[in-house]
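Asker: quick check, what structure comes out for this input:
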Amino acid sequence: MAAEMALLKPASKFTSRIGSSSRLIPHSKFFTVKMSATAATPPPAMKKKSQKQEINESLLTPRFYTTDFDEMEQLFNAEINKNLNMNEFEALLQEFKTDFNQTHFVRNKEFKEAADKIDGPLRQIFVEFLERSCTAEFSGFLLYKELGRRLKKTNPIVAEIFSLMSRDEARHAGFLNKGLSDFNLALDLGFLTKARKYTFFKPKFIFYATYLSEKIGYWRYITIYRHLKENPEYQCYPIFKYFENWCQDENRHGDFFSALMKAQPQFLNDWKAKLWSRFFCLSVYVTMYLNDCQRTDFYEGIGLTTKEFDMHVIIETNRTTARIFPAVLDVENPEFKRKLDRMVVSYEQILAIGKSDDIPLLKNLKRIPLVAALASEIIAAYLMKPIESGSVDLAEFEPQLVY
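Answerer: Residues are numbered from 1 along each chain as shown. Purely as a prediction, here's the structure:
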C-alpha cells in the first residue's frame with residue numbers, strides 16, 4: 001500500500017522528532033522480519049546493546065488505519081447485499097492463490113555491495129526511502145490481515161482475498177526491511193505495531209483511499225522500473241529491478257478494491273460519491289507531490305525529474321481511476337500543476353519556519369498566512385471543473401493497464 005494519504009490527517013509538526021512511535025535499530029548483521037498472512041502481529045526485531053535512533057516525523061507520514069468492522073461485515077454479507085458478484089470474487093481469489101511473486105523476492109549479494117558504494121547525502125536518502133516504503137507496506141499488512149480475520153464467517157471468499165493481500169504486503173515490508181539491513185539498520189515492526197496511533201476511516205473511505213493508494217503505487221513502481229531499464233547507469237541499488245513484478249501486486253490489489261466498490265453502488269452513483277471521489281484524489285495527489293518535492297535528491301539520484309515524474313504518475317493514476325470513480329480531477333489542465341507548484345512554495349516556507357530559532361508563538365504567527373495560502377490553493381484545486389467519469393467493466397481495461 002503506497003503512502004500518499006497524509007493530508008487526510010496531517011501531522012502537526014512534520015519536522016518534530018519522535019522517540020515513542022518508531023524505532024530504527026542500528027544493525028550489524030543481516031536482518032529478517034518474520035511476517036506471514038497468519039500472524040496478526042509480527043515479532044519485534046531484537047538486537048543486543050542496540051540504541052534508538054530518532055527519526056523525523058516526516059519519514060513516517062504513512063499512517064496505520066482502522067475501520068468499522070461491523071459495517072464491513074454487513075457490506076459483505078451476501079444475504080444482505082445482493083450486488084455482490086461472488087463469481088467475480090471467486091475468480092479474483094484464484095488469481096491471488098496463484099501467487100505469481102512467490103519466488104520473486106529473493107535477494108542476492110548485489111544488495112549489500114551496492115549499499116556499500118552509496119555514501120554521503122544519497123545514502124541517507126535511500127534509508128528514508130526504504131523506511132517510508134516499509135512503513136507504508138506494513139500498514140497495509142495490518143489492515144488487510146484484520147479485515148481477513150473479521151470477515152471470515154460473513155464472507156469466506158472475500159476474507160481469504162484480504163488475507164492473501166496481507167501476505168503480499170508482509171512480503172513487501174519484509175523485503176524492504178532487509179534492504180535497511182544493507183545500511184546497517186532495521187525497522188522494529190513489532191514495536192511499531194503497538195506504538196503507532198491508528199486513523200479511523202469509515203468503510204467507504206477505506207475503499208476510496210486504498211484503491212487510490214494501490215493504483216498510484218502501481219504507476220510509481222512501473223514508471224521507475226521502465227526509466228531505469230532504459231537508463232541502467234542510474235541503477236544504483238538492485239531493489240528497483242524487482243519493481244516490474246512488485247507493481248503487479250499493487251495492481252491486483254487495486255483491481256480487487258474496484259470490484260468491492262462495484263458491489264457497493266451507493267459508493268459510486270450519487271452526488272456525494274462524486275464529491276468524495278474528488279476529495280480523495282486531491283488528497284492523494286497533493287500529498288505525493290508535496291512529499292516528493294522535499295526529496296528531489298532521491299529522484300535526481302536515479303535520473304528522474306521529480307515534478308515531471310509526479311505529474312506522469314498523477315495523470316496515469318487519474319486516467320485509471322476514472323474507470324471506476326464517478327468523477328475525477330482535471331489534472332491535465334495546466335492550471336492544476338500551477339496550483340501544485342504554489343502549494344509547494346507555501347509548504348516549504350512552513351517547513352522553514354519550523355526549523356527556525358524563533359519562539360513557538362512567533363512561529364505560529366508566521367505560519368498563519370502561509371497555511372491560509374496553502375489551504376486556499378487546495379480548495380481552489382478541488383473546485384476546478386471536474387471530469388465526469390463512471391464505473392465500467394474492469395475486464396475491458398485490465399490487459400492494457402497491466403501490460
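Asker: strands of the protein, start to end?
Answerer: 17-18, 24-26, 55-56, 64-66, 185-187, 198-200, 327-328, 387-388 (DSSP state E).
Asker: of those strands, which shows the lowest average pLDDT?
Answerer: Lowest mean pLDDT within the strands of the chain: strand 17-18, a mean of 32.
Asker: for Tyr144, what are its contacts?
Answerer: Contact analysis of Tyr144 by CB atoms under 8 Å, 6 or more residues apart in numbering lists Phe162, Ser163, Met165, Ser166, Glu169. The C-beta positions use only the backbone N, C-alpha and C, and glycine is treated the same way.
Asker: try it again with 10 Å
Answerer: 1, 37, 161-170, 210, 253, 256 (CB atoms under 10 Å, 6 or more residues apart in numbering).
Asker: between those residues, which is closest to Val345?
Answerer: Proximity of the contacts of Tyr144 to Val345 (CB to CB) peaks at Met1, which lies at 29.5 Å.
Asker: quick one: low-confidence ranges for the stretch 301-403 of the chain?
Answerer: 391-403 (pLDDT under 70).
Asker: and the helices in it?
Answerer: In the stretch 301-403 of the chain, the helices defined using DSSP state H, counting those that start in this stretch lie at 306-321, 334-355, 360-383, 398-402.
Asker: try the stretch 101-250 of the chain
Answerer: 110-117, 121-150, 156-181, 189-195, 203-230, 243-262.
Asker: in the last one, what's buried?
Answerer: Right, helix 243-262. For helix 243-262, the neighbour count (16 or more other CB atoms under 10 Å) marks 243, 246-262 as buried.
Asker: out of the helices of the stretch 101-250 of the chain, which comes closest to Trp276?
Answerer: Per CB to CB, nearest to Trp276 of the helices of the stretch 101-250 of the chain: helix 203-230, 6.2 Å.
Asker: from the contact counts, what lies against the closest one?
Answerer: Under the contact criterion of 3 or more CB pairs under 10 Å, 6 or more residues apart in numbering; DSSP states H and E, helix 203-230 touches strand 64-66, helix 69-75, helix 121-150, helix 156-181, helix 243-262, helix 271-293, helix 306-321, helix 398-402.
Asker: could you redo the last one with a cut-off of 7 Å?
Answerer: helix 69-75, helix 243-262, helix 271-293, helix 306-321 (3 or more CB pairs under 7 Å, 6 or more residues apart in numbering; DSSP states H and E).
Asker: and Lys97, how close does it get to Glu90?
Answerer: 11 Å (CB to CB, to the nearest Å).
Asker: enumerate every residue touching Leu370.
Answerer: Ser346, Gln349, Ile350 (CB atoms under 7 Å, 6 or more residues apart in numbering).
Asker: over to Glu377?
Answerer: Lys339, Arg342, Met343.
Asker: how about Phe129?
Answerer: When contacts are counted by CB under 7 Å, 6+ apart, Phe129 touches Phe298.
Asker: cutoff 10 Å now
Answerer: Leu59, Leu176, Gly179, Tyr237, Ile239, Arg295, Phe298, Tyr299, Gly301, Ile302.
Asker: Asn245 now?
Answerer: So Asn245 contacts Phe100, Asn101, His104, Phe105, Tyr221, Tyr225 (CB under 10 Å, 6+ apart).
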